[in-house]
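Asks: sharing a sequence plus its predicted fold:
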Amino acid sequence: MSNCPPKPRKRRNVAERFWEKVRKGEGCWEWALAHLRGYGVFTANGKHLRAHRVAWELTNGPIPDGMLVCHHCDNPGCVRPDHLFLGSNADNSSDRDSKGRQARGAKVVPLTLPRGDEHWTRRQPDRLQRGDANPSRRLREKLKRGESHPKAKITREVVLEIRAAHAEGVLAKALAERFGVSRHLIYRVVKKTLWAHVVSEKPPEPGPCHPGS
């Protein structure tokens, strides 16, 4: 066996590594490796860089602060230097608008959600989590209810008092003023759409007996 030490591996410079990953054609020069949102990604010194910005710097030098590297060709994966130009945010927006690249029609987020038969719950009813699959059942012990809920305005004792007073004929308006809450909250407590888990521990009193009943 030879006792000669191994020759040190020649470290290639950034430019060599970069340009060997480019597919050069008559038009755009396409980045051949990874892409993120259409833009090529080049790794150097442990950092992930956009390939078209690296192409500009290798050809023209550092990019001034606050400037973007834009594409004449509107192809984000292109790294051909003469297809690139420096511009500000305003320049990039103006270039986008002049070429009609702004979102239009179906690409724009709708102002209103589909309703009726067009709503996703009608079109894809199998995606609805029903019965034991519903999170309110699967995660019952984790759901905060009653006084443990961060937005609770009343307590269990107040809930029982509201229901008892309403059963005796006290109006919702008077109950709302007494406990400092809205009438809407009183209605929901009485109808048990809120605090439905709270039930009175006192058994109902038997009604008056009538002969023959």
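Replies: Great, that's in hand.

Asks: per-domain residue ranges of the chain.
Replies: The record's domain parsing of the chain by automatic domain parsing lists 14-101, 143-203.

Asks: between these, which one is nearest to Asp117?
Replies: Of all the domains of the chain, domain 143-203 sits nearest to Asp117, with 27.2 Å by C-beta to C-beta. Backbone N, C-alpha and C define where each C-beta goes, glycine included.

Asks: so where is this protein shaky, pLDDT-wise?
Replies: 1-12, 95-116, 118-121, 123-153, 200-213 (pLDDT under 70).

Asks: show me where it has strands.
Replies: Assigned by DSSP state E, the strands in the chain fall at 22-23, 30-31, 35-36, 39-44, 47-50, 68-71, 84-87.

Asks: packing partners of the longest helix seen in the chain?
Replies: Selection of the longest helix in the chain by residue count, based on DSSP state H, yields helix 156-167. Packing partners of helix 156-167 (3 or more C-beta pairs under 8 Å, 6 or more residues apart in numbering; DSSP states H and E): helix 172-179, helix 183-191.

Asks: turn the domains of the chain into CSV, columns for mean neighbour count and distance to Arg122.
Replies: Formatted as CSV, these follow (neighbours: other C-beta atoms under 10 Å; distance: least, C-beta to C-beta, whole Å):
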stretch, mean neighbour count, distance to Arg122
domain 14-101, 14, 33
domain 143-203, 14, 24
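
Asks: having no further points to raise, I will conclude here.
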